[in-house]
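> got a structure for you, letters missing:
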């Protein structure tokens, strides 16, 4: 059995009794094949296993579960946290720990090795972008890679219809679990968590969070959330403009007409 020595990890691995867990529908994921932005910015931390950044000043206010923050920590293991950095590598419960957390894909990322991907971040226009680009899993495995991005906007940022204050973007997602989370070959064991937690026992998680197929569920897709007093709500995809519906209607009429002509000709 593989064990990791980390005092902070052991302290935070204590199971959290989730008082109120809301599950977010997988159907809210929208198909896509790219990050929100390809301008990844600077490296957030050196290559590591279970590390986290220094405290990062956002330069804007962000409110989650009724608390307002102006700084956070970027954690190597697929999440960001408030108040403290996080070395925990196996999620416990829907999102996993006793600190406020946003889990884009909480799993045992290991960026050690020259051929491995890394974690990047950029702040622009009151928006934070964090990208785990082409990263492998513990213990220094690079045969399978995951690529995903968090978009986090300040409280006062305006955005386009169909977008939200928080975005999760996924490209190729090939693994779910590190060796120390009872995984084998990047799969099985205790898979990745996707969602949010207030650190006090309340959580919101994607329905397929911590299931064996979570990598395939989120791969090549994205999802937007807005913040409200109770946590987050899913942003529905934008409704097509009336002109779009009209064009679609004309297309369907034309298709029906062509089929009718074919039946007559037959």
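Cool, the structure landed. Predicted, not measured: the structure shown is a model, and the values here were computed from it.
> Quickly find the element holding the closest residue to residue 183 other than its chain neighbours.
Of all residues not flanking residue 183 in the chain, residue 177 sits nearest, at 3.0 Å (C-beta to C-beta, 6 or more residues apart in numbering). Every residue, glycine included, has its C-beta placed from N, CA and C. Applying DSSP states H and E as the criterion places residue 177 outside every helix and strand.
> Offset the numbering so it begins at 27, please.
OK, 27 is where the count begins now, so the last one is residue 203.
> for the stretch 177-292 of the chain, which spans come out with low pLDDT?
Scanning the stretch 177-292 of the chain for pLDDT under 70 picks out the ranges 265-292.
> Could I get the full set of helices for it?
Per DSSP state H, counting those that start in this stretch, the stretch 177-292 of the chain carries helices over the ranges 240-244, 268-291.
> just checking, the residue nearest to residue 209 touches residue 213?
Yes. Judged on C-beta atoms under 8 Å, residue 203 makes contact with residue 213 at a distance of 6.0 Å.
> which one of those two has more residues nearby?
residue 203 (26 against 16; other C-beta atoms under 10 Å).
> so what's that one up against?
133-134, 163, 209, 212-218 (C-beta atoms under 8 Å, 6 or more residues apart in numbering).
> Report the buried members of those residues.
133-134, 163, 209, 212-213, 215-218 (16 or more other C-beta atoms under 10 Å).
> Pick the one among those closest to residue 239.
Of all the buried ones among the contacts of residue 203, the one sitting nearest residue 239 is residue 217; the distance, using C-beta to C-beta, is 8.4 Å.
> And that closest one, how close does it get to residue 237?
6 Å (C-beta to C-beta, to the nearest Å).
> ok, now residue 89?
30 Å.
> Leaving out sequence neighbours, find the closest residue to the spatially most central residue of the chain.
The residue lying closest to the centre of the chain (C-alpha atoms, centre = their mean) is residue 130, at 2.0 Å. Spatial nearest neighbour of residue 130, excluding adjacent residues (C-beta to C-beta, 6+ apart): residue 176 at 4.5 Å.
> by contact count, what packs against the helix or strand hosting residue 88?
If you go by DSSP H and E, residue 88 is part of strand 82-90. When contacts are defined as 3 or more C-beta pairs under 8 Å, 6 or more residues apart in numbering; DSSP states H and E, strand 82-90 sits against strand 93-101, strand 144-150.
> follow-up on the earlier one: so what's the residue nearest to residue 130 up against?
Contacts of residue 176 by C-beta under 8 Å, 6+ apart are 106, 128, 130, 154-157, 192-195.
> how near is it to residue 194?
Taken as C-beta to C-beta, the span from residue 176 to residue 194 is 6 Å.
> Need the residues touching each of these two.
With C-beta under 8 Å, 6+ apart, residue 176 and residue 194 have common neighbours residue 130.
> Residue 99 touches residue 123, doesn't it?
No. In this structure, residue 99 is not within contact of residue 123 by C-beta under 8 Å, at 12.0 Å.
> Need the overlap of contacts for those two.
107, 112.
> Neighbour count: these two, which is higher?
Neighbour tally, residue 99 and residue 123, criterion other C-beta under 10 Å: the higher count belongs to residue 123, 27 against 21.
> surely the more buried one meets residue 106?
No. The pair residue 123 / residue 106 is not scored as a contact, 11.9 Å apart, by C-beta under 8 Å.
> Just give the number of residues close to residue 154.
23.
> element containing it?
Residue 154 belongs to strand 153-163, assigned by DSSP H and E.
> So what's the predicted local confidence for the spatially closest residue to residue 76 that is not a sequence neighbour?
Once flanking residues are discounted, residue 76 sits nearest to residue 113: 4.4 Å by C-beta to C-beta, 6+ apart. With respect to pLDDT, residue 113 has a value of 97.
> pLDDT weak spots in the stretch 27-176 of the chain?
Looking along the stretch 27-176 of the chain with the criterion set at pLDDT under 70, you get 27-45, 119-122.
> Great, nothing more from me.
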